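Engineer: quick one, fold the following:
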Amino acid sequence: MSSDSGDWRPSASCERLRERAALLYRARQFFAARAVTEVDTPALVNSPVSDVHIHSATVQLGAAPAGASAPPLFLHTSPEYAMKRLLAAGSGDIYQICHVVRGNERGRLHNPEFTLIEWYRVGFSLEQLMDEVEALVRALLGARAPAASERVSYRDAFLRELGLDPLTASEGALARAAEPLALGGGGLSRDEWLELLMGARVGPRLGHRALAFVHGYPASQAALARLDGSDPRVAQRFELYCAGIELANGFHELASASEQRARFTADNAHRQRLGLPAFPPDERLLAALAAGLPDCAGVALGFDRTLMLAVGAAHIEEVLPFATARA
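Structural biologist: Model prediction:
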């Protein structure tokens, strides 16, 4: 590549980089005012997440001693496991602003390396956490935030936007709802149909006139969230949408080590069915849960996407110092 190609230049303009710095400062002020402690956990981890939709990047730190094999490390896709270990050790309310890396993520709203704001509030209900997420997003978006907000169940969002009940609809009905996408083929599982519809048909319609908190995701999509005691079909999980863009994913955190181990095992079985590598569970996280995770709610907010909305950017590369293609 010639030296005058311009590829050395930042992805974002200098003005955007100043706006980025100002928003990061505002986020830290927000948490400082609430006495939430900033923490800084390792980007390199021994155990990757088991979620089939998240692809962890492998790192090899030099050669192993003669006759030994060097186990790989992974770039974290979220600081969640390490932060929960801090919570179990008695840290109290904590937050982190960090870079994470997820493979196979490229597009207008995706870059493999991006910035998360992740935080945990001890003793918070999911409703209290949604209140705080809204307060932070309004502080970051300013006048660009919709004036109103709404909280709608996952079930009601599907009923409103697609006219079908995601908790009872057959796979055939879900497939028919996806026909406007003209993807062809089939063979998806029930959850895959639901995730496709949420990502391509329901989510893009949310958050235009009001910040939209979607809560009560199917139990099969609970990830690290507790199930709802009043309706075990759903999980105590929410996502925030603004202008059709998913900004945040929050949980009333699962505290049971045995249930978390069972979910890791189920994830690995699913990964094997899909031809993906299976990973040993994070035993340090499970030990922390067994020692006692305090009752808490936690959330991860996509900072780059929030910055896009705050400055009116059309593509994530407009707000990144260097997109991965220019790293």
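Engineer: how about the closest residue to Ala35 other than its chain neighbours, what does it touch?
Structural biologist: Excluding the flanking residues, the one nearest Ala35 by CB to CB, 6 or more residues apart in numbering is Asp93, at 7.1 Å. C-beta: built from backbone N, CA, C; applies to glycine. With contact taken as CB atoms under 8 Å, 6 or more residues apart in numbering, Asp93 is in contact with Arg34, Ala35, Val36, Thr37, Trp119, Tyr120, Arg121, Val122.
Engineer: now Asp93: phi and psi?
Structural biologist: Dihedral angles of Asp93 (phi, psi; degrees, to the nearest 10) stand at phi -60, psi 130.
Engineer: how about the strands in this structure?
Structural biologist: For the chain, strands defined by DSSP state E occupy the ranges 37-38, 44-45, 58-59, 73-75, 94-101, 113-122, 148-153, 210-215, 227-228, 231-235, 237-242, 245-252, 296-302.
Engineer: how long is stretch 215-232 end to end?
Structural biologist: Criterion CA to CA, to the nearest Å; first-to-last residue distance in stretch 215-232 is 14 Å.
Engineer: re the thing from before, list only buried entries from the contacts of Asp93.
Structural biologist: Neighbour counting by 16 or more other CB atoms under 10 Å classes Val36, Trp119, Tyr120, Arg121, Val122 among the contacts of Asp93 as buried.
Engineer: could you dump the residues you listed into TSV and include distance to Glu134 and pLDDT?
Structural biologist: Rendered in TSV, the data for the buried ones among the contacts of Asp93 read as follows (distance: CB to CB, whole Å; pLDDT from 0 to 100):
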residue	distance to Glu134	pLDDT
Val36	16	98
Trp119	14	99
Tyr120	17	98
Arg121	14	98
Val122	20	98
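Engineer: nearest to Val299 among the residues you listed?
Structural biologist: Val299 lies nearest to Trp119 out of the buried ones among the contacts of Asp93, by CB to CB, at 6.4 Å.
Engineer: so that closest one makes contact with Ala297?
Structural biologist: No: judged on CB atoms under 8 Å, Trp119 makes no contact with Ala297 at a distance of 9.5 Å.
Engineer: any low-confidence regions in this protein?
Structural biologist: 1-6, 63-68, 185-186 (pLDDT under 70).
Engineer: please redo it, this time with the cut-off set to 80
Structural biologist: Across the chain, the ranges flagged by pLDDT under 80 are 1-6, 62-70, 105, 184-187.
Engineer: and the helices in it?
Structural biologist: 14-33, 80-88, 126-141, 154-162, 171-177, 190-197, 257-273, 283-292, 303-311 (DSSP state H).
Engineer: who wins for proximity to Leu211 among the ones you listed?
Structural biologist: Comparing these by CB to CB, helix 126-141 comes nearest, at 6.0 Å.
Engineer: in the closest one, what counts as buried?
Structural biologist: Leu126, Leu129, Met130, Glu132, Val133, Glu134, Leu136, Val137, Arg138, Leu140, Leu141.
Engineer: so that helix versus strand 237-242, what angle?
Structural biologist: 20 degrees (axes from the mean of the first three to the mean of the last three CA atoms, to 10 degrees).
Engineer: got the angle for helix 126-141 vs strand 210-215?
Structural biologist: Relative orientation of helix 126-141 and strand 210-215, computed by the same axes, to 10 degrees: 150 degrees.
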